[in-house]
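In: Here is a sequence together with a model predicted from it:
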Amino acid sequence: MSTHIVLDIDGRQHAIEADPDMPLLYALRDDLSFDNPRFGCGLGQCGACTVHVDGTPTRSCLLPVSAVGAAKIVTLAGLGTQDHPHALQSAFIHEQATQCGYCLNGWIMTAAALLRDKPHATEADIRAGLAGVKCRCGAHMSILRAITRATQA
Amino acid sequence: MGNISRRSLLRAGGAIAMLPAGGALVVSFADPTTARAQAAAPPPAGPSPPGGPPPDQLDSWLAVQQDGSVTAFFGKMDPGQGVDVAIRQIVAEELDVAVDRVVIVMGDSERTANQGGASGSTGIERGGITLRYAGAEARRVLLDLASQHLDVPVGALQVRDGVISVIADPASGVTYAALIGDRRFNVAMQWNGIYGNGLVARGRAEPKHPADYRVVGTSVPRTDIPEKVFARHQFVTDIRVPGMLHGRMLRPAVAGSVPTAVDVASIADIPGARVVWKQGGFLGVAAPREWDAIRAARSLKVSWSQVAPPFPGNAALYDHMRAATPITRKEMVKQGDADAAIAGAARVVQAEYEWPFQSHASMGPACAVVDAKADAATMWTGTQKPHFAAIGVARILGLKPAQVRAIWVRGAGSYGRNDAGDASMDAAVMSQALGAPVRVQYMRGEGTGWDPKGPASIHRARAGLDAGGTVVGYSFESRGFSRTDIDTNESNPAHSLAGQLMGVALQPTQEFGVPTEPYLFPAQRRAWETIPPLLDRASPLRTAHLRDPVGPQLGFASESFIDELAHAAGSDPVAFRLAHLTDRRAIAAIRACAERFGWQPLVAGSSLGGGARVTGRGFAYAQRGQTIAALAVEVEVDRATGQVRQRRWVVAHDCGLIINPQGLRLCIEGNIVQGSSRALWEEVTFDQAMVTSQDWAGYPILDVVEAPDAIDIVLLDRPELPPSGAGESAIRPVAAAIGNAIFDATGVRLRRAPFTPERVRQAIGVPT
């Protein structure tokens, strides 16, 4: 029942053999060692597993790997690097945002799409746009400061 | 589960049965009592558990490398509040090296001494003590070495950034690395013989005077955040070892039910899927691929024992608690005759408050990897107490504690004993049974439905006021489930789901607590009583420490009640508190908070507004150990929806000497936001059979949309006092502050948490 699947991740092609029903998250983590999308709930409720699929923030814990097709996947690792950081990555460091950081992927990946579409998002826009992304430690204030800072970059 | 083929039925406790290659393998204990005997084994001999390298050696705490970097070995860990940075600052300060030259090894049971893990916000308060002494002692030893090397007396030497030079000849320097790089100090420390939080070892050197601090007190940034932001940080969920299998557990639909039959054939088509079923009720599956393990756990056909549903259901929880017969009662504070004083008072006020079970609901369900071999085991765990966890795993595996190494790797944030302590036990049992390293990661339902819970409680407060509005008698009594059905320390398998499912009954200890704010009430009683747990083993409602164990409950009730007393006395709530306090630090914190807030004296609820949205302000304070937190909040209540918006918080915080102001501010913010989540949203729900809040829909937490508009923090630095913990103090009064503000806004007192929109709407009534 395994199927040959080719995924375009962070600009490179990766081939795997996998159950077509397997969620993309496990392909990323277990087959390809893209560890940053994280398992939080497996229910699409928390955002920890978020990746961009053709630019759309997507909960990879629910998306069957066979449904990705030729879509381009971007993970946090593909968003920016220490030498060429995304504005959000710099801002999160500046604000020392998040506590344990297990949720961080969900915030940055969701916010990256929000700020791409709305570069001058207000704090109200940011709160509304990030609704539903979970942070259990209660680091919301530093996260909001970081995303707001990124709008001013 | 019907339709189990007789052919494939296996009984737990039987021999190992193998199916054809590629099929499933069932493993059971040949002798199920082995696990019980192991689990019930007495603690290891000696004054305390094995605790890593010997605490009485300087080399156990610090090492200087050839490249001039310094490694600090810290026997606690940092769950994400930057404790590691603070420890590096303390070491850098004492050693006079740049803080970025100090690296830290945390929570490795083989490389760090057992300082108790993360526990009671003592990371800096207790954990920093020995590192501070070690830094000072290492500096002394290095100065001695330099004195010989340079042939000048120590008094003629100075240290800057790891270079020792003659004061009169600064070009004469010799580096720490040249003096001792990669070599051992071989210097003894005086150790108090205690492992855990109480461990203290010190050398001959006196640490610096706080007036001389240059690194301590500055906002050194965390090193883990860039790693996380650039997708390089490794969490425990990212650990993979060769030959590793992925494990998943099966839990019953009715708490207390255990498997009676397992149909191995039901997962025969899943590649490499194997079953581990142990006497009593331990049931897990494993497979080389994670997705296959998940599918196997979903597909495995299991018959479960019929048991009577054990719970009252959360709708009847408080009735059950009131009717229960207490196990233990303790009067922690008894001063004068409180009852007589209340009886003789001009006015008597009394109220009862209720607090539900709450869940850790960590951001990611627990994960652990255990590689159990015949004579040794290695475990990778996100637990807060790796040294103790290693002992627990040793005991469940029948190994000696010294044969197990726990390597702490950061997991999703924990706030006490979350589900991590169970995951490592499950992984250990499966690894031993399958002869391969096993990684167990729980699913969301286990992280929220089956994690140890913070206890539900009822608090009955009574007080008498004299004609002038002063308290003459005070009684505060709590009735709750013990906060320690299972111990926070993970060294005993009896305190894990795996141990209990293999036949070891719950061994609860009876612990609760009383308010600790030093109000001067001339006659008072503060007491608690605990009632029996709802299920005697493997209960999804078993309790353990959850951030500031029972503090949020106590703070909610006691600081709400102070507000009720102030109202009854016709007093401003801040003025009322100040009138009953003499503690100078408490008064200073309360005043600092009120001043920053712009608090003008007014009796609560005396300016009720009309309209769809009403605002109010609330005050509350807490004293936890040596740390003081005074909170004021302004809320807006939507009378139609019952939603409570946190418009503005002011926190005044005194935890003695501040090591890292930015880290402290972020820590306090986390207290407020998580505290408001617990106050406004969090309640474990359950029916008669099982916990029903198993995910983020069933167990909502505060959303970013509802996060406070602003949190303004006043740090009260006290360099003359030792640093005390900040991880749990400010969370304690949060619910009371919000409840007091809701009262000020609406005139309605909420005495049951959480203040969900529905509950607020019902309490205040539909607006006309």
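Out: Cool, the structure landed. Residues are numbered from 1 along each chain as shown, chains lettered A, B, ... in the order given.
In: quick one: the helices in chain A?
Out: A:24-26, A:76-79, A:87-94, A:104-117, A:123-129, A:140-151 (DSSP state H).
In: Excluding chain neighbours, give the residue nearest to the residue nearest to the spatial centre of chain B in space.
Out: In chain B, the C-alpha nearest the mean C-alpha coordinate belongs to residue B:416, at 2.0 Å (C-alpha atoms, centre = their mean). What sits nearest to residue B:416 in space, not counting adjacent residues and going by C-beta to C-beta, 6 or more residues apart in numbering or on different chains, is residue B:545, at 3.7 Å. (Glycine included, C-beta is placed from N, CA and C.)
In: I figured the one you found hits residue B:484, correct?
Out: Yes. Using C-beta atoms under 8 Å, residue B:545 is in contact with residue B:484, at 7.2 Å.
In: Write out the residues of the stretch 301-450 of chain B neighbouring chain A.
Out: B:361-365, B:410-414, B:441, B:443-444 (C-beta under 8 Å from any C-beta of the partner chain).
In: Can you add neighbour count and give those residues back as TSV?
Out: Compiled in TSV, these are given as follows (neighbours: other C-beta atoms under 10 Å in any protein chain shown):
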residue	neighbour count
B:361	30
B:362	26
B:363	29
B:364	27
B:365	29
B:410	25
B:411	30
B:412	32
B:413	27
B:414	28
B:441	24
B:443	22
B:444	23
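In: Of the residues you listed, which is the nearest to residue B:574?
Out: The closest of those to residue B:574 turns out to be residue B:413 (C-beta to C-beta; 33.2 Å).
In: What is the least confident helix or strand in chain B?
Out: Sorted by mean pLDDT, DSSP states H and E, the helices and strands of chain B end with strand B:17-18, the least confident at a mean of 32.
In: Using PDB, write out every CA atom in stretch B:749-765.
Out: Extracted as PDB, the C-alpha positions of stretch B:749-765 are listed here (Å, rounded to 0.1, in the frame of the first residue of the first chain):
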ATOM      1  CA  ARG B 749     -19.200  37.800  43.000                       C
ATOM      2  CA  LEU B 750     -18.000  34.700  41.200                       C
ATOM      3  CA  ARG B 751     -17.000  32.000  43.600                       C
ATOM      4  CA  ARG B 752     -16.500  29.100  41.200                       C
ATOM      5  CA  ALA B 753     -13.700  29.000  38.700                       C
ATOM      6  CA  PRO B 754     -13.200  29.100  35.800                       C
ATOM      7  CA  PHE B 755     -15.100  32.300  34.800                       C
ATOM      8  CA  THR B 756     -16.200  31.000  31.400                       C
ATOM      9  CA  PRO B 757     -18.400  33.400  29.400                       C
ATOM     10  CA  GLU B 758     -21.400  31.100  30.000                       C
ATOM     11  CA  ARG B 759     -20.800  31.200  33.800                       C
ATOM     12  CA  VAL B 760     -20.300  34.900  33.900                       C
ATOM     13  CA  ARG B 761     -23.400  35.500  31.800                       C
ATOM     14  CA  GLN B 762     -25.500  33.300  34.000                       C
ATOM     15  CA  ALA B 763     -24.100  35.000  37.100                       C
ATOM     16  CA  ILE B 764     -24.700  38.500  36.100                       C
ATOM     17  CA  GLY B 765     -28.000  37.900  34.300                       C
END
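In: show me what contacts residue A:72?
Out: Residues in contact with residue A:72 (C-beta atoms under 8 Å, 6 or more residues apart in numbering or on different chains) are A:8, A:11, A:52, A:53, A:54, A:55.
In: Neighbours of the closest residue to the fifth one other than its chain neighbours, how many?
Out: For residue A:54, ignoring the flanking residues on the chain, the nearest one in space by C-beta to C-beta, 6+ apart is residue A:71 at 4.5 Å. Look at residue A:71: counted by other C-beta atoms under 10 Å in any protein chain shown, it has 15 neighbours.
In: ok so, going back, which one of the residues of the stretch 301-450 of chain B next to chain A is nearest to residue A:99?
Out: Using C-beta to C-beta, residue B:413 is the member of these that lies nearest residue A:99, at 5.7 Å.
In: my guess is that closest one contacts residue A:136, does it?
Out: Yes. Counting by C-beta under 8 Å, residue B:413 touches residue A:136, with 5.8 Å between them.
In: overlap in contacts of the two?
Out: Joint contacts of residue B:413 and residue A:136 (C-beta under 8 Å, 6+ apart) are A:100, A:102, B:362, B:363.
In: on that earlier part again, quickly note the distance from the residue nearest to residue A:54 to residue B:601.
Out: 62 Å (C-beta to C-beta, to the nearest Å).
In: what's the answer for residue B:310, then?
Out: Counting by C-beta to C-beta, the separation of residue B:310 from residue B:601 is 51 Å.
In: When those two are compared, which one has more neighbours?
Out: residue B:310 (20 against 11).
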